[in-house]
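*Asks:* Quick one, fold the following:
(2 chains)
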There are 2 protein chains.
Amino acid sequence: MIHLNANDLALTHSLAKLKAASGSHSPSIATLRETLPALKIKIDACFLSNPYATDLFMQELESKLIAQGGLRDALEFYPSQNAAIAQKLAKYLHIDSSHIFIGNGAIEVIQAVLHNFVRTNLVVPIPTFSSYYEFVRDGVEVLLYKLPKEQNYALDIEAYTKFIQDHNAKNALIINPNNPDGGYIPYDTLRECLARLRHLESVIIDESFLHFGYEDSSLEQISYTKLVEEFSNVVLIKSMSKDFGVAGLRAGYGVMAKNRVEALLHNGYLWNVNGLSEFFFSLFGDDEFLQKYERVRKSYITQTQEFFKALGQIDSIKTYPSKANFALVELLNGAKAQDLCIKLLSSYGIYTRSCSDKIGLEGEFLRIASRSEQENTQILQSLQEIFTGDF
Amino acid sequence: MIHLNANDLALTHSLAKLKAASGSHSPSIATLRETLPALKIKIDACFLSNPYATDLFMQELESKLIAQGGLRDALEFYPSQNAAIAQKLAKYLHIDSSHIFIGNGAIEVIQAVLHNFVRTNLVVPIPTFSSYYEFVRDGVEVLLYKLPKEQNYALDIEAYTKFIQDHNAKNALIINPNNPDGGYIPYDTLRECLARLRHLESVIIDESFLHFGYEDSSLEQISYTKLVEEFSNVVLIKSMSKDFGVAGLRAGYGVMAKNRVEALLHNGYLWNVNGLSEFFFSLFGDDEFLQKYERVRKSYITQTQEFFKALGQIDSIKTYPSKANFALVELLNGAKAQDLCIKLLSSYGIYTRSCSDKIGLEGEFLRIASRSEQENTQILQSLQEIFTGDF
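*Replies:* You can find the predicted model right below:
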């Protein structure tokens, strides 16, 4: 169905090599550009971030730091310590700063939480973000819970809590919305699930894509901090790379019981926030910034859902329901996901994520990020051309 | 000897509160400015960094990233993974990148090394940088080895290796030049010491201030990477905040046996370098940058040593021999170090580090950083005025 020419095959080979060097993650666009300069990448639909939020951050950085002559100070001097940065988020998160652990990206929070609080076993629904099973300490048993394809990989809390009970598990993970499918558990259902899991040592909720989720058409921001106050075993982990479009800054946080924050800060994580991230965190005390952010967040959700709807109308592929900023797309016509990725890259300059290496997915899948409205249109046109045209 | 007025006493009280919130470290100048806006700090002589190297980095950042329109990309997209960044340093360090672990500041490397490789006990010479005993895992025994005041806190390798043997220690720390006194162990002596310690599990060498040290008047840069190849138990830890003047970037590294780097990367530290740090690390492939850096490094050493010589001529204080970029200063006339810090801050806007909380120091000490030539002159004039004037 998808015919690759000699160039495409060479590209397949080069990408496979780069992928092998990047472990379970995609090679970054910078690495691609450095290694394969002939490749003209126009759209990075592998990269899961709101480009309008990046626009907003760059405006704030320019007007409030660079134009004020503050860039040198931010890079020359030591940033504030972890607990001082946590205070900058407390009001925004509606929780005392003693519950907040600031991370150098969510990946540091994942590592810290897994290394310090998960000592026996961990239930991980799959498909998932691979670091959750790769970063456990040696000796910790990972119990993989397969999300059912026939239910669009949605997490059913009855079945999930039964699995946890049957395996006498001590710790469990929930990613909401889930990566790579974007499946969303409504707030009340999640709360019910946590009520059934209060006997566990830890329930980790990764809410990295939560700002793209919504409960109703008001698209109001959803917050789980109250759940941490209600259930002391809940640990929230959040990347700020996606919703705020600042993956290069390295900013994330965890919200958890005070004694856990204390345990983490007891012998580590002192100055893990860089000077520009400190500037970023300081924006959360600025109501005007937060209002602007809400506008770009909501308009991006609207565009994203329109994009998914249009994706769903393309023949030969199935688009799974998603409340994240990416869609899991399954090829139904016998084509290989890897071949589609190569074709999109070589003929259209569109970089997407083949999910061939994701455990828990059976079939041919790729993950396509929602980018700017204009880029989304180009992605749609390219796919239509591939599936209806002469390729 | 040092008379404090009512304002000074109020400042003493405010600083004590800030210090209590900062643990074993000094409150940052940003925190001071935020909390005590009335205070006019002109010179931060608490902060151990080469200001000329900061000038150089800011020029490079401006011309090679910002002016090229690259700032947004550096902040929007994911940076490269740890091992890819290590490759950027390999040529400069003359060692294969598989020996290099990149840290989000040296403090992350210290934490990673202590948590992963120090499991029984650790010998720590004091006075020292407090994180080395604060960040050990619970249950690890810290054996404090007191550097002798009567020998200017110099580390004597005979006595040190005997102490290690007598205590049946498995791991030992050497900071060279040492913090807070700047004492320097010559290369051949250090090598001899390592030869005697090859039976240990780990010998950690913190070389964060090594770029300010020198063996002879050529002031050539000293490198310990060959020692890692010769002694497989050696772990080098280096902050790049001091010599390169970029504490806000958070950049540091460790050099160690390959299997140790592998162990650290096995389940963590994937994307711990931010986009601007990645730009900084990329400069180490640029010979022109390295030549410019060598010039600012050497001229700063020369100015620093002149500053220390002049400090040594002030009555009522003793300046300890230092090959770092700070001097440990002891008050000999009965004055309190804390009072001198307050007086310098309130009357001259000069922020220095009182060492009252440093274990292993007996007497009244403060640590004064070498800053720009002009700032050093102001520090000298202020001290002369305090010790010879009417205060």
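
*Asks:* Using CSV, list the CA coordinates for the helix or strand containing A:E108.
*Replies:* Following DSSP states H and E, one finds A:E108 within helix A:106-117. In CSV, the C-alpha atoms belonging to helix A:106-117 read as follows (Å, rounded to 0.1, in the frame of the first residue of the first chain):
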residue,chain,number,x,y,z
ALA,A,106,9.1,15.1,34.9
ILE,A,107,11.6,12.4,34.1
GLU,A,108,13.6,13.4,37.2
VAL,A,109,10.4,13.2,39.3
ILE,A,110,9.6,9.8,37.8
GLN,A,111,13.1,8.6,38.6
ALA,A,112,13.0,10.0,42.2
VAL,A,113,9.6,8.5,42.9
LEU,A,114,10.4,5.1,41.5
HIS,A,115,13.8,4.9,43.2
ASN,A,116,12.6,6.1,46.6
PHE,A,117,9.1,4.9,47.0
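
*Asks:* quick one, the following helix or strand past that helix and helix A:106-117 angle?
*Replies:* Sequence-wise, the next helix or strand downstream of helix A:106-117 (DSSP H and E) is strand A:121-126. Counting by axes from the mean of the first three to the mean of the last three CA atoms, to 10 degrees, strand A:121-126 lies at 150 degrees to helix A:106-117.

*Asks:* care to break chain A down by domain?
*Replies:* A:6-54+A:291-388, A:78-286 (the TED database).

*Asks:* Columns mean neighbour count, distance to chain B and mean pLDDT on top of these, output as a markdown table?
*Replies:* In short, each C-beta sits where N, CA and C put it, glycine included. Below are the domains of chain A laid out as a markdown table (neighbours: other CB atoms under 10 Å in any protein chain shown; distance: least, CB to the nearest CB, whole Å; pLDDT from 0 to 100):
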| stretch | mean neighbour count | distance to chain B | mean pLDDT |
| --- | --- | --- | --- |
| domain A:6-54+A:291-388 | 18 | 5 | 93 |
| domain A:78-286 | 20 | 3 | 97 |
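
*Asks:* Identify whichever of the ones you listed lies nearest to B:K309.
*Replies:* Proximity to B:K309 (CB to CB) singles out domain A:78-286 among those, at 28.3 Å.

*Asks:* and the helix holding A:E108, what does it pack onto?
*Replies:* strand A:100-103, helix A:131-134, strand A:202-206, strand A:234-239, strand A:252-255, helix A:258-266 (3 or more CB pairs under 8 Å, 6 or more residues apart in numbering or on different chains; DSSP states H and E).

*Asks:* please redo it, this time with the cut-off set to 10 Å
*Replies:* Secondary structure elements in contact with helix A:106-117, counted by 3 or more CB pairs under 10 Å, 6 or more residues apart in numbering or on different chains; DSSP states H and E, are strand A:100-103, helix A:131-134, strand A:171-175, strand A:202-206, strand A:234-239, strand A:252-255, helix A:258-266, helix B:106-117.

*Asks:* how distant is the third one from the center of its chain?
*Replies:* What separates the centre of strand A:171-175 from the centre of its chain is 15 Å, taken as CA atoms, centre = their mean, to the nearest Å.

*Asks:* next one: the second one
*Replies:* In terms of CA atoms, centre = their mean, the gap separating the centre of helix A:131-134 from the centre of its chain is 14 Å.

*Asks:* what does that helix contact?
*Replies:* A:23-25, A:106-107, A:110-111, A:113-114, A:118, A:122, A:124-126, A:140, A:142-144, A:173, A:175, A:179, A:204, A:206, A:237, A:359, B:266-268, B:270-271 (CB atoms under 10 Å, 6 or more residues apart in numbering or on different chains).

*Asks:* For A:F101, which residues count as its bridge partners?
*Replies:* A:F101 has these beta-bridge partners by DSSP bridges: A:G254.

*Asks:* Surely it is in contact with A:M256?
*Replies:* Yes: contact criterion CB atoms under 10 Å: A:F101 and A:M256 qualify, at 6.7 Å.

*Asks:* show me the biggest helix of chain A in terms of residues.
*Replies:* The helix that spans the most residues within chain A, counting by DSSP state H, is helix A:287-311.

*Asks:* So which other helices or strands are in contact with the helix or strand following that helix?
*Replies:* Using DSSP H and E, the helix or strand that follows helix A:287-311 towards the C-terminus is strand A:317-319. Judged by 3+ CB pairs under 10 Å, 6+ apart, the packing partners of strand A:317-319 are helix A:287-311, strand A:326-331, strand A:365-369, helix A:373-388.

*Asks:* so which of the ones you listed comes closest to B:E76?
*Replies:* strand A:365-369 (13.0 Å).

*Asks:* what's that closest one packed up against?
*Replies:* strand A:43-44, helix A:287-311, strand A:317-319, strand A:326-331, helix A:337-348, strand A:353-354, helix A:373-388.

*Asks:* Report the distance from the last one to the chain centre.
*Replies:* What separates the centre of helix A:373-388 from the centre of its chain is 23 Å, taken as CA atoms, centre = their mean.

*Asks:* What of the fourth one?
*Replies:* Average the C-alpha atoms of strand A:326-331, do the same for its chain, and the two points are 15 Å apart (CA atoms, centre = their mean).

*Asks:* okay, the angle between that strand and helix A:287-311?
*Replies:* Using the same axes, to 10 degrees: strand A:326-331 against helix A:287-311 is 10 degrees.

*Asks:* Restrict stretch A:277-289 to CA atoms and write it as PDB.
*Replies:* Once non-C-alpha atoms are left out, stretch A:277-289 reads as follows in PDB (Å, rounded to 0.1, in the frame of the first residue of the first chain):
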ATOM      1  CA  SER A 277      13.300  27.500  34.600                       C
ATOM      2  CA  GLU A 278      13.200  29.600  37.800                       C
ATOM      3  CA  PHE A 279      12.000  32.500  35.600                       C
ATOM      4  CA  PHE A 280       9.400  30.200  34.100                       C
ATOM      5  CA  PHE A 281       8.200  29.100  37.600                       C
ATOM      6  CA  SER A 282       8.000  32.700  38.700                       C
ATOM      7  CA  LEU A 283       5.400  33.300  36.000                       C
ATOM      8  CA  PHE A 284       2.900  31.200  38.000                       C
ATOM      9  CA  GLY A 285       2.500  34.100  40.400                       C
ATOM     10  CA  ASP A 286       1.500  36.300  37.600                       C
ATOM     11  CA  ASP A 287      -2.300  36.300  37.000                       C
ATOM     12  CA  GLU A 288      -2.000  38.000  33.600                       C
ATOM     13  CA  PHE A 289       0.300  35.200  32.400                       C
END
